[in-house]
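J.: Provide a 3D model corresponding to the input given below.
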Amino acid sequence: MSEIPRGSCESHDGNLRHLRYVIDLPHPPVRVWAAVATPEGLPQWLCAADPLEPRLGGAVTLRWLNGDTVVSGTVTAWDPEYVAEYTVEPTHGRIRFHLEPSGGGDGSTVLRFTNEFRATRDEKLDVMAGWHDHFERLVRALDGDPTDWRTWTAERWQHLRDLYERDEAPWPKWEP
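T.: The predicted model follows:
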């Protein structure tokens, strides 16, 4: 069972994709910010970031630790504790983390994630499964269990990709 709700993806201009996730996290925004916007937090669930210049226009290079993918680009939005956006080419496009305190007043955070990128249908499914898998890892990292990338396998990613492919239509209920 996944704690992460299924992402949605809209297509524009043929192969331009807008991927979205909205995730409720039972952690304060400052803690989630450290996970999504610092070189110390990102490797625990997503990738290494070196450099990551924490300012608008700053340089960023992301290196995935479960393969050989390395992308470089620019910090295209930066509002400390609220918005971190990286535009990296050629494959990952614009990656945006928008944090807001939960309306419940319980110290939790709503993460609104968007990824704008160009991709074929199959590449889109790969990306959707990849982000879903990474957000499951984010939850575990925030709970004190960071990913050990030396033990990573594609099994979970493949299962998620199969689910996304099977149910490409809108999904009111999806239980991975």
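J.: quick check on the closest residue to residue 165 other than its chain neighbours: phi, psi?
T.: Leaving aside its sequence neighbours, residue 165 sits nearest to residue 125 (CB to CB, 6 or more residues apart in numbering; 5.3 Å). (C-beta placed from N, C-alpha, C; glycine too.) The phi and psi values for residue 125, taken as degrees, to the nearest 10, are phi -60, psi -40.
J.: against residue 164, how distant is residue 125?
T.: Taken as CB to CB, to the nearest Å, the spacing of residue 125 relative to residue 164 amounts to 5 Å.
J.: who's more crowded, the two?
T.: Legend: neighbour count by other CB atoms under 10 Å for residue 125 and residue 164, higher for residue 164 (22 against 19).
J.: and the more buried one, which of the three is it?
T.: At residue 164, secondary structure determined by DSSP: H, G, I helix; E, B strand; the rest coil is helix.
J.: what do you get for residue 54?
T.: Going by three-state DSSP: residue 54 is coil.
J.: report pLDDT for residue 174.
T.: In the prediction, the pLDDT value recorded for residue 174 is 49.
J.: now the spatially most central residue of the chain. Its backbone dihedrals?
T.: Compute the mean C-alpha point of the chain, and by CA atoms, centre = their mean the closest residue is residue 131, 4.8 Å away. The phi/psi pair for residue 131 (degrees, to the nearest 10) reads phi -70, psi -40.
J.: my guess is it contacts residue 115. True?
T.: Yes - under the criterion of CB atoms under 8 Å, residue 131 is in contact with residue 115, at a separation of 6.6 Å.
J.: what residues are shared contacts of those two?
T.: Between them, residue 131 and residue 115 share these contacting residues under CB atoms under 8 Å, 6 or more residues apart in numbering: residue 19.
J.: strands of the protein, start to end?
T.: Counting by DSSP state E, the chain forms strands over residues 8-12, 16-25, 47-52, 59-64, 70-79, 83-89, 93-101, 109-118, given from the N-terminal end onward.
J.: tabulate the ones you listed in a markdown table, adding columns for distance to residue 150, mean pLDDT and mean neighbour count.
T.: Rendered in a markdown table, the data for those read as follows (distance: least, CB to CB, whole Å; pLDDT from 0 to 100; neighbours: other CB atoms under 10 Å):
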| stretch | distance to residue 150 | mean pLDDT | mean neighbour count |
| --- | --- | --- | --- |
| strand 8-12 | 31 | 91 | 12 |
| strand 16-25 | 26 | 96 | 17 |
| strand 47-52 | 14 | 97 | 16 |
| strand 59-64 | 14 | 96 | 18 |
| strand 70-79 | 18 | 97 | 16 |
| strand 83-89 | 24 | 95 | 19 |
| strand 93-101 | 25 | 97 | 19 |
| strand 109-118 | 26 | 97 | 18 |
